[in-house]
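**Q** Structure of the sequence below:
(2 chains)
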Amino acid sequence: MSKRATLKRVQEIATLAGLKGRINEEMKTFEMGFQLDGDRTQLVLVRDTSSKDRKMITIFSPCVILKRGLIERLTREMAVELLTANENLHFARYGIWQTEKQTMVVASYDHLLETLDPAELGSTAWAVAIAADMYERKHGQDTF
Amino acid sequence: MNAQAIEAVRFRGDTELLEAARGDADLAGPLASSKALRRRNALRCRLLSHSVRVSVGLMPHLADSFQRLTERFELSGGLEAYVHNDGAVNAFVAKGVSRTIVVLSSGAVNLLTPAELEFVIGHELGHAVYGHLEVPVDHLLKEERFSPRLSMTLRAWQRAAEISADRAGLVSCESLGVAANALFKSQSGLELPGGGVQPGDFAAQWEQLVDEVLTEGQRDHWQLSHPFPTLRMKAMILFWDGRDQPGEVDEEVARLLALMDPMEGSVDGIEDPLLARFFFWGGLFIALADGRLDAAEVERLQSVAPSGLDVGRLTSTPEFEPDSCLERFRAAKEERRAKLTAVELHRIMQGLIDVAAADGQIDDQETGHLYKLAEVLGISPGACDLLVSNYLEQN
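**A** Predicted structure coming up:
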């Protein structure tokens, strides 16, 4: 199954869960927008993270972007804060993703595609959105 | 009967699936290697050392059957037959270095009548003349790591090839009753002294099996190399009774085989045989939303109707209530032992929306019926609306 086919499958499951979204062909992600309380919004994305033997997806939501080269801006305190918060989170975890240009703090969760059902996708997407928003809210932002 | 007649009875699905498998680039290399291996195989040596070779002197009746059928099948390259010591009723055919080799178990020789043995021998020779031995599926699947799709295609082809071989066996023994006895004995191990099975009685078990497979909701039958025996019996009856309509028979047999083939359900719409109950009762419920059924709807629903059920007759009986369709849909969900996967849920909803939109639009009554069916599946009205709007955008 190609990455495109995986995202198409995710889109079908999201629709069954009543979640509207679109496939971003360039980024190879499936994107959904969430409206949270207090007019806050959160972007939740799904990407194909399959291993050789298992078809897997990662549902994630960005919390903050740090420019590459300034990784030191992710201070020890921030890292400890994320690890501590992870211990109290359900169906999401904080982590950092690095690309060539940037470092991103995200909330994310993984699922096996084969057994993923609409209710699971729906609750995970909400859990990830809320976790990412909590981080942003704590730091006085609503970028995503 | 001659070679041309045998070729003529070959199941169309057999040739189509073989062509599909051969068209897969991933098969070419392993297939060439398997041919090279065959040139070095030691099957004949093993058989000569551990089995008995059929000859006029040792087993005259068997030698005579083999001789007669080999001539009829116009088998090229020569044939050798063996009997090996095994109480079960079975047989196999293999390609030797320079000849075709058929092996019968002692159980087959002891339990089957000469006519029944001709069915079995004809079946094995059918595999040889149809070229089934050119693709050693079991060996390839054991040695190679093919994609799931290619593996499924190869297994589906093997099952289709068994249908062709059964037909070759049937035209060899020229009796449906004899073929039924042979198949029954090979499955049950019973002798049937002084009698035989009625082909229809044997095949009737198929309907019970279909119910069980649908209720189970499992899609792992694709791994079987042979069709279910009752399916084989049903396919032989269809072939025997419908020899003047080979196209229709092949279509019906393909539909039976689809129950063992998950690839049949790989597209949206109402093709997936494991979800037929949902499509039929749900589709009928939606089609009746406006209180009437048109001819196109009847034809479409008939293709997924439970065996023996006539849609037109069902809906025209005075006691028929459209709401009973919703209850049958609910029952299909409750009876199913395996949880419906997201893919299956999507497939069901797409199929139902397809029925609702058959006339180019979905009216309020149809939407109301869709909501009720979606609720049974645990899908909210909001999600249902989203599915409908996506469907309308794409079509």
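
**Q** per-residue confidence for the closest residue to chain A within the stretch 1-150 of chain B?
**A** Using Cβ to the nearest Cβ, residue B:148 is the residue of the stretch 1-150 of chain B that sits closest to chain A, at 9.2 Å. Placement of C-beta: from N, CA and C, glycine included. Listed pLDDT for residue B:148 reads 76.

**Q** That one: neighbouring residues, count only.
**A** Residue B:148 has 11 neighbours, counted by other Cβ atoms under 10 Å in any protein chain shown.

**Q** how much space is there between the nearest residue to residue A:16 once chain neighbours are set aside and residue A:111?
**A** Leaving out its chain neighbours, the residue that sits closest to residue A:16 by Cβ to Cβ, 6 or more residues apart in numbering or on different chains is residue A:118, at 3.9 Å. In this view, residue A:118 and residue A:111 are 12 Å apart by Cβ to Cβ, to the nearest Å.

**Q** Pick out whichever of the two has more residues nearby.
**A** Shown here are residue A:118 and residue A:111; by other Cβ under 10 Å, residue A:118 has more neighbours (23 against 20).

**Q** in which helix or strand would I find the closest residue to chain B within chain A?
**A** Residue nearest to chain B within chain A: residue A:18 (3.6 Å; Cβ to the nearest Cβ). Assigned by DSSP states H and E, residue A:18 falls within no helix or strand.

**Q** In contact with it, which residues are there?
**A** Contacts for residue A:18 were tallied using Cβ atoms under 8 Å, 6 or more residues apart in numbering or on different chains; they are A:122, B:379, B:380, B:382, B:383, B:386.

**Q** Narrow these to those that are buried.
**A** A:122, B:379, B:380, B:383, B:386 (16 or more other Cβ atoms under 10 Å in any protein chain shown).

**Q** Max pairwise distance over the residues you listed: which two?
**A** Maximum pairwise distance among these (Cβ to Cβ): 12.2 Å, between A:122 and B:386.

**Q** which residues touch the residue nearest to residue A:16?
**A** Residue A:118 is in contact with A:13, A:14, A:16, A:17, B:342, B:345, B:378, B:379, B:383, counting by Cβ under 8 Å, 6+ apart.

**Q** Show me the residues you listed that map onto strands.
**A** Using DSSP state E to define strands, no part of the contacts of residue A:118 is located there.

**Q** If any of these are buried, put those into a ChimeraX selection.
**A** Buried residues among these (16+ other Cβ under 10 Å), as a ChimeraX selection:
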select /A:13,14,16,17 /B:342,345,379,383
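
**Q** which intervals of the chain have sub-threshold pLDDT?
**A** Just going to use chain A. The model of chain A has pLDDT under 70 over residues A:68-73.

**Q** hmm, I had chain B in mind actually
**A** Applying pLDDT under 70 to chain B flags the ranges B:36-40, B:262-271.

**Q** Mind jotting down where the strands sit in it?
**A** Going by DSSP E, chain B shows strands at B:52-53, B:79-84, B:91-95, B:100-105.

**Q** and the gap between the closest residue to residue B:89 other than its chain neighbours and residue B:198?
**A** Nearest in space to residue B:89, with sequence neighbours left out and distances taken as Cβ to Cβ, 6+ apart, is residue B:186 at 4.0 Å. Residue B:186 is 17 Å from residue B:198, where distance means Cβ to Cβ.

**Q** Compare neighbour counts for these two and give me the winner.
**A** Neighbour totals were compared for residue B:186 and residue B:198, and residue B:186 leads with 21 against 13 (other Cβ under 10 Å).

**Q** do you know how far that one is from residue B:59?
**A** Taking Cβ to Cβ, one finds residue B:186 at 20 Å from residue B:59.

**Q** One more: residue B:108?
**A** Spatial separation of residue B:108 from residue B:59 under the definition Cβ to Cβ is 12 Å.

**Q** Quick one: residues in contact with stretch B:355-374.
**A** Here stretch B:355-374 has contacts from B:270, B:279, B:282-283, B:285-287, B:289-290, B:296-297, B:300-301, B:326, B:329, B:349, B:352-353, B:380-381, B:383-384, B:388, B:391-392, B:395, using Cβ under 8 Å, 6+ apart.

**Q** Dump that stretch to CSV, restricted to CA.
**A** Only the C-alpha atoms of stretch B:355-374 are listed here, as CSV (Å, rounded to 0.1, in the frame of the first residue of the first chain):
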residue,chain,number,x,y,z
VAL,B,355,-28.0,2.5,-3.9
ALA,B,356,-29.6,5.7,-2.6
ALA,B,357,-27.9,7.7,-5.3
ALA,B,358,-28.9,5.3,-8.1
ASP,B,359,-31.3,7.8,-9.7
GLY,B,360,-28.7,10.7,-9.5
GLN,B,361,-29.9,12.2,-6.2
ILE,B,362,-30.5,11.4,-2.6
ASP,B,363,-33.9,12.6,-1.3
ASP,B,364,-34.9,13.2,2.4
GLN,B,365,-36.6,9.8,2.7
GLU,B,366,-33.5,8.0,1.5
THR,B,367,-31.3,10.1,3.8
GLY,B,368,-33.6,9.2,6.8
HIS,B,369,-33.2,5.5,6.0
LEU,B,370,-29.4,6.0,5.6
TYR,B,371,-29.3,7.5,9.1
LYS,B,372,-31.2,4.6,10.6
LEU,B,373,-28.8,2.1,9.0
ALA,B,374,-25.7,4.1,9.9
